[in-house]
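Chemist: can you look at this prediction? I've put the sequence above it.
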Amino acid sequence: MNSVCRRKGDFVEPEQFNNVIIKNTGGRIVRFKDVGRVELGAESYATRGYLGDKKAVAMPIFQRPGTNALETAATIRGIMETLSANFPPDLAYDIAYNPTEFISQSIDAVEITIYEAIGLVVLVILVFLQNWRAAIIPIIAIPVSLIGTFAVMSALGFSLNNLTLFGLVLAIGIVVDDAIVVVENMERLLSPR
C-alpha cells in the first residue's frame with residue numbers, strides 16, 4: 001500500500017520521516033519506520049513530456065532547503081555539459097525553466113540602483129553645494145553601509161533573497177537621503193558667516 005504523508009516542516013532526509021511518531025498508546029511509541037518504508041520520490045512517475053513539438057523527457061530538479069540557488073544552477077549546468085559530451089548525436093538537452101534567471105536579474109537591478117544612487121547623490125551635492133569634498137562623504141558612506149549590512153546578514157545567517165534585496169534598495173534610498181541632509185547641514189555650519 002502506498003500513501004502520501006503531508007507534514008509541515010523542512011524534512012530532507014528519509015530518516016527524518018522515519019522518526020515521525022504515528023501513535024503513542026500506553027507509553028509505547030509507534031514510529032513511521034515501524035509500519036512503513038520511506039522513499040524520496042514523486043507520487044507518480046507516469047508523465048509525458050514535450051518541448052515545443054518534440055517528445056521529451058522532463059526531469060525536474062529541485063533545490064534542497066538551505067542551499068544557494070545560483071550555485072546549484074551552475075553545478076547542474078556543469079554536470080549537464082559533462083554528460084552531454086557522451087550523448088548520442090541525435091540526443092540533446094535543454095534547460096526549459098531556470099528560476100535563477102530572475103534572481104540574477106534582481107541582483108543586477110540592485111547593483112544598478114546602487115550606482116544610480118551614488119551618481120545622483122554626487123550630482124546633487126556638486127550642483128547645489130559645489131564642493132567635491134562634500135561629495136566624497138556619501139560616496140564612501142553608501143558602500144561602507146552595504147558592506148556592514150552584508151557582514152551582519154552573514155553573521156546572523158540571513159540569505160540574500162528578493163525580500164532582502166528590496167530592503168537594501170529602500171535602505172540605500174534612506175542612506176542617500178541622510179547623506180545629502182548631513183552633508184548639507186555640515187556645509188551650512190562650517191561655512192563662514
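Modeler: Yep, that arrived. Numbering: from 1, shown residues only.

Chemist: which stretches in this protein count as helices?
Modeler: With DSSP state H, the ranges of helices along the chain come out as 14-18, 32-35, 69-84, 100-128, 132-156, 162-190.

Chemist: can you list the ones you listed in JSON lines and add distance to Asn24 and mean neighbour count?
Modeler: All C-beta spots, glycine's among them, are computed from the backbone N, C-alpha and C. Output for the helices of the chain, formatted as JSON lines (distance: least, C-beta to C-beta, whole Å; neighbours: other C-beta atoms under 10 Å):
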{"stretch": "helix 14-18", "distance to Asn24": "16", "mean neighbour count": "14"}
{"stretch": "helix 32-35", "distance to Asn24": "12", "mean neighbour count": "12"}
{"stretch": "helix 69-84", "distance to Asn24": "38", "mean neighbour count": "13"}
{"stretch": "helix 100-128", "distance to Asn24": "43", "mean neighbour count": "14"}
{"stretch": "helix 132-156", "distance to Asn24": "37", "mean neighbour count": "14"}
{"stretch": "helix 162-190", "distance to Asn24": "39", "mean neighbour count": "14"}
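
Chemist: I'd like those helices as JSON lines, with mean pLDDT and distance to Thr47 appended.
Modeler: Output for those, formatted as JSON lines (pLDDT from 0 to 100; distance: least, C-beta to C-beta, whole Å):
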{"stretch": "helix 14-18", "mean pLDDT": "82", "distance to Thr47": "23"}
{"stretch": "helix 32-35", "mean pLDDT": "87", "distance to Thr47": "27"}
{"stretch": "helix 69-84", "mean pLDDT": "91", "distance to Thr47": "20"}
{"stretch": "helix 100-128", "mean pLDDT": "83", "distance to Thr47": "23"}
{"stretch": "helix 132-156", "mean pLDDT": "84", "distance to Thr47": "39"}
{"stretch": "helix 162-190", "mean pLDDT": "80", "distance to Thr47": "30"}
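
Chemist: CSV for those helices, including distance to Gly26?
Modeler: Shown next, in CSV, are those (distance: least, C-beta to C-beta, whole Å):
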stretch, distance to Gly26
helix 14-18, 22
helix 32-35, 15
helix 69-84, 46
helix 100-128, 51
helix 132-156, 45
helix 162-190, 47
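
Chemist: looking at the ones you listed, spot the one closest to Met59.
Modeler: Among those, the nearest to Met59 by C-beta to C-beta is helix 69-84 (10.0 Å).

Chemist: for the closest one, the distance to its chain's centre please.
Modeler: 17 Å (C-alpha atoms, centre = their mean, to the nearest Å).
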